[in-house]
Each structure stands twice: as structure tokens, then as C-alpha cells.
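*Asks:* give the three-dimensional model of this entry:
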Amino acid sequence: MRIPFIAAAALALLAGCATPPAERAPIQLTILHTNDHHGRFWPNADGEYGMAARKTLLDRLRAEVQAAGGYTLVLDGGDINTGVPESDLQDAEPDFKGMNLLGYDASAVGNHEFDKPPAVLEKQRQWARFPLLSANIYRNGQRMFEPYRIFERGGLRIAVMGLTTDDTAKMVLPANVEGIEFRKPIDEAAKLLPELRAKADMVIAATHMGHYADGRHGVNAPGDVEMARATRGLDLIVGGHSQNPVCMLQENLRNDAYVPGTPCAPDRQNGTWIVQAHEWGKYVGRADFQVQAGRIELIRYQLIPVNLKRTVEGAKVAYTEPIPEDSGMRAFLQPFQDKGQVRLTVPVGETVGVFDGDRERVRKQPTNLGRLVAQSMRDKTGADVALMNSGGVRDSLPEGRITYRDVLKVQPFGNQVAVVRLTGAELLRYLEAAARMTPGSGAFPQTVGVQMRIEGGQLKEAWVNGQPVEARREYRLAVNSFTATGGDGYPKLSMHPGYLNTGFVDAEVLRAYIASRSPLKAADYAPGDEVQRK
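*Replies:* The predicted structure is shown next:
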């Protein structure tokens, strides 16, 4: 059919006057993030962190972004569980329900989500009104959790994929992960990324894998840096697990002496931004992005301290302006705090001096607390040698009055003390494995009863009670049940014919040891030259 001349001319005129569709205005998107909460729903004795102050801060930030025409997404890097007795004794109910009130959109699944039996995890999943995400955890060949969730903000589609360290299987009790497979997260991410890029304008990984500067992960499974380098298509990684503030001094050099309230530059690897907000809700991370025409630009990044303090002339002084607690959140959490206190304020004994369980030190060198814990196990079992994985030491013991709460903060996992009879040759092989554990990892050994000379991660000599280890002689080694079952990568001892699980809970063993020797002097447990490393 021919179009009449006049009609054709009119169409041509209209076509010439038509304007192209306007490009969509840039979208301002703010990602707010935390990680490694570890049961810290309540502020500490100095009034630092806590969910009630975090609620105030998150509400302020959301209101500020909304007033500027932007949108927010609140993410967590996992490990909601384990670390504070008030939370541990209540299966982290205040923490999961508190995160609902804080308005979290999603969380990665952390390894500590498997610290308790499967029934507890299922209960926690029911409490959470936000998705727990992990693409690489399988049960009976099927993914156990949602691999990702797509959120919409102002017409922008944001895919959030969850990933969990494949070290998890060796970091928890085997019974808690029976039939569960932790596949390599980098492989799972690579499989999903094409699908997510087709569905979303922006792709974020909420991970619990750890940030290891320049990819130097030691005995740990590969982390966020390694994943960013191995894949293409991730815009942002919101991480957890290594529990450090990711603030870079320069390319591949992290500022491990970061001062709260000072500028923080996130890591950047292979086109992917990497962020992590230390631990315990000490900070809320804020990443402000502008998204337009497929281009995603980071406009600003900061770590906002939540009432963190420093000591000035003997007084605690806040680094930044104090953040008041939200009264409604405080009221919600108060009954959980009260319930826990009833069970935890029972006095155990006294100490003279501080027993050091600081994460940065206890995982890199022998400390008096590491030796105290090992000695309590040795004393209870009558073993020749005791070894404690430093990742199982979660806090320091203060000077002065010690309560049951203080003990449970040090050993919150409820492991049992085991003892195994080994020949000298077997003991040497075990100590060789211990010597290879990278300083800084949770596998780093705290020992008593044995003297070792280690060079370059290799055991050169070992003595027990001042005598060289004899290959055919029998020795008794005390460890916790977690380490005995191959936890933290140690050789598995639980199937050894000389293995015995005593059934004594580690925290109870430590409590009884302190009570029977109170007042306990920290100086008596100071590390000497028993372990020499070069």
C-alpha cells in the first residue's frame, strides 16, 4: 500500500521534530554495612557500640540519604553468632530479632552460623526477616540458602550474592555440618555472575571470606582480594571474617593501625571495590555510589565509629561525637540483657594483672591467657602437653573480680576437652603441623608442657619436660574437641585408638581452674622462651 504524498510529508516532518528519549537521571545509592557482629547486641562497659546506638545512626543515615533523593541498602558480612555469653545462652535471639528492627536487607552466612546444632540455625532463619545468603553451601546436592536476592531502588536493580568461606567445615564441630558441602566460593561466583549481570544493573557480593592484603591468605582459604582478581563483573564486595577495618594506605597495603574517625579508602581490585567494617558493630560503613548509563562511580566512602573511645589521661574519651541510643531499641533488648545477667554474674575468682586474649596478639604469639587455657586443660587431664588453637580464645580476662560471664567470653563455643595417647613419633608429626600454622590465623597454637624451636614454619627440635621427644615413648596430649576433629586444619585425632573425649566443657574446666587457684597472677603465666620462632 502506498502512503499519500501529504500524509508522507507530515510523517517526515514529525520525524524530524522528534527528540530522543531523555537519559535516565543518575541514581544515588548508599550501601550501609557491618560484619562479624558476634553477639554484641549490648554496649560494652565503656558504652561502645551496641544495637541501640547503631539504630540511631542507621536511622539518621537513611533519613539523610532519602532527603537528598537517594536510596539505601543495608548489608551484613555474616557471623551474627557467638562471642558474648548473654547472646550465646539465648541462641542469638536478641541479635537476629534486633537486626530486623535495624532494617537489614540481607546478610551473608558466616562460619559461626554453624557453631550450634542445625536445629538452632533453622530457628534463627525463622527469626530473621531478611535473607541469609550463600551460593556455595550445599546440602544433598542443593543449595542450602538463597544464593542471591535482587533488590530494586529507584528503578535500579541490585543483585546481592552471598558467599561463605570454604574453611567453614574445618572451623566448626563436624556434627553441626554433617551432610553439608562448602564449595569454593570463587567458583560459585564465577558461575553466577553472567546470570546476575543479565538481571541487574549492579552486582554486590556479601561475603564471609576475609580480606587478606594483596591476597596473602596463608593457611586460610582465599578471600575477597583473591576473588576480585579471579572474576569479572563484581561492582562491590561487602566482606567479613578477617575482622579488620579495610582502609588502604596504598595499593595492596592496608592500614592496620587505622584510627577511628579518620579518612578510610576501601580496597580496589580488578575493578571491584572491597569494604569491611572491622567487627562487633564498632563501625557502620557507608559507601555512596552514583549510577548512570551503566557507569557505577564511588563518590564517597567512610567508616563511622559507633561510640568508640580512646584513653586520654586515664579517662575514656569518644573519638567522634557520641551517638545516643534509640530508646525503643534499648527497651526491646533490655529483657534479653537482664535474663543473661542473672546467669552470668556469679563470681568465679580474682586475677592479679590482665590475661591477654586480644585477637591481634593471641593469634600471632604466645600470651599469658593462651597458656592459662592450655594449662587448665593439661591440669584437668594430667596430660604431658596441651595445645589450644588461638581462634578459640575470644577475649581477655580483666584484672580483679572474675565472673562466669568473663570466662564464657574467653571460651564461648562449648567445646569439650579431649586427651589422646600418642607415641613420640606421632606427637612430633602433630607438633610439625602446629608449627606450620600461620601466625595471625585462628590455628596458631598456644601450648604448655612442650618446648619447640621453629624456623621458617618448620619444627626443628622439640622437648617435653626438658627432655627430647623419644620416638617410642608414650605421651598424653590435651586438645579441645574442635581441634581433635580436624578443626582449623589440624590433623584429625578423634579416630585415633588412644583418643578420649573427657566430656568436660572447656569453659567449665577454665572456671574450675581459676576458682581453685584464686587469686591468679598473670605474671605466673607469662610466655618465656618455650617456643622459639625464626
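
*Asks:* sketch out the low-pLDDT regions of this protein for me.
*Replies:* Within the chain, the segments meeting pLDDT under 70 span 1-23.

*Asks:* give me the domain ranges for it.
*Replies:* 27-336, 347-533 (automatic domain parsing).

*Asks:* can you redo the ones you listed as CSV with mean neighbour count?
*Replies:* C-betas here are computed from N, CA, C, even on glycine. Shown next, in CSV, are the domains of the chain (neighbours: other CB atoms under 10 Å):
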stretch, mean neighbour count
domain 27-336, 20
domain 347-533, 19
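
*Asks:* return the backbone torsion pair for the residue nearest to residue 416 when sequence neighbours are not counted.
*Replies:* Nearest non-adjacent residue to residue 416, counting by CB to CB, 6 or more residues apart in numbering: residue 481, 4.4 Å away. With angles defined as degrees, to the nearest 10, residue 481 sits at phi -60, psi -30.

*Asks:* what strand or helix carries residue 513?
*Replies:* Here residue 513 sits within helix 506-517, counting by DSSP states H and E.

*Asks:* can you name the element that comes right after that helix?
*Replies:* strand 520-521.

*Asks:* which element follows that following strand toward the C-terminus?
*Replies:* Next along from strand 520-521, by DSSP H and E: strand 531-533.

*Asks:* quick one on the thing from earlier: I'd say the residue nearest to residue 416 and residue 418 touch.
*Replies:* Yes: using CB atoms under 8 Å, residue 481 is in contact with residue 418, at 5.3 Å.

*Asks:* show me whatever sits in contact with both of the two.
*Replies:* 494, 501 (CB atoms under 8 Å, 6 or more residues apart in numbering).

*Asks:* stretch 96-112: end-to-end distance?
*Replies:* Start-to-end span of stretch 96-112 (CA to CA, to the nearest Å) is 14 Å.

*Asks:* show me what the helix holding residue 513 packs onto, helices and strands only.
*Replies:* strand 347-352, helix 368-381, helix 404-410, strand 416-423 (3 or more CB pairs under 8 Å, 6 or more residues apart in numbering; DSSP states H and E).

*Asks:* mind running it again at 6 Å?
*Replies:* Using 3 or more CB pairs under 6 Å, 6 or more residues apart in numbering; DSSP states H and E, the elements in contact with helix 506-517 are strand 347-352, helix 368-381, helix 404-410.

*Asks:* what would the ones you listed look like in a markdown table with distance to residue 228?
*Replies:* Formatted as a markdown table, the helices and strands packed on helix 506-517 follow (distance: least, CB to CB, whole Å):
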| stretch | distance to residue 228 |
| --- | --- |
| strand 347-352 | 44 |
| helix 368-381 | 34 |
| helix 404-410 | 34 |
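
*Asks:* now what about stretch 166-179, what contacts it?
*Replies:* 111, 114, 115, 117, 139, 182, 184, 221, 485, 486, 487, 489 (CB atoms under 6 Å, 6 or more residues apart in numbering).

*Asks:* for the first one, which non-adjacent residue is closest in space?
*Replies:* Leaving aside its sequence neighbours, residue 111 sits nearest to residue 168 (CB to CB, 6+ apart; 4.0 Å).

*Asks:* for that neighbour, grab phi and psi.
*Replies:* Backbone torsions of residue 168, given as degrees, to the nearest 10, read phi -50, psi -40.

*Asks:* show me where the stretch 51-200 of the chain has strands.
*Replies:* 71-76, 106-108, 132-133, 137-139, 142-143, 148-153, 156-164, 180-182 (DSSP state E, counting those that start in this stretch).

*Asks:* what's the closest of those to residue 204?
*Replies:* Nearest to residue 204, of all the strands of the stretch 51-200 of the chain, is strand 156-164, at 4.9 Å by CB to CB.

*Asks:* alpha carbons of that closest one, as CSV, please.
*Replies:* The C-alpha coordinates for strand 156-164 follow below in CSV (Å, rounded to 0.1, in the frame of the first residue of the first chain):
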residue,chain,number,x,y,z
LEU,A,156,17.8,0.4,39.8
ARG,A,157,18.2,-3.4,40.1
ILE,A,158,20.8,-4.5,42.6
ALA,A,159,21.8,-8.2,42.8
VAL,A,160,23.3,-9.2,46.2
MET,A,161,25.0,-12.6,46.2
GLY,A,162,26.1,-14.4,49.4
LEU,A,163,29.4,-16.4,49.7
THR,A,164,30.9,-18.2,52.7
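
*Asks:* what lines up beside it in the sheet?
*Replies:* Each strand paired with strand 156-164, and its direction, by DSSP bridges: strand 148-153 (antiparallel), strand 202-208 (parallel).

*Asks:* tilt between that strand and strand 71-76?
*Replies:* For strand 156-164 against strand 71-76, the angle by axes from the mean of the first three to the mean of the last three CA atoms, to 10 degrees is 0 degrees.

*Asks:* give me the contact list for stretch 412-431.
*Replies:* Here stretch 412-431 has contacts from 82-83, 88, 377, 381, 383, 394, 459, 462, 469-471, 473-482, 484, 491, 493, 496, 498-506, 509, using CB under 6 Å, 6+ apart.

*Asks:* could you do stretch 44-53 as well?
*Replies:* Here stretch 44-53 makes contact (CB under 6 Å, 6+ apart) with 40-43, 98, 280-282, 306-309, 316, 323, 325-326, 329-330.

*Asks:* if you set the cut-off to 7 Å instead, what comes out?
*Replies:* 40-43, 98, 102, 280-282, 306-309, 316, 323, 325-326, 329-330, 333 (CB atoms under 7 Å, 6 or more residues apart in numbering).
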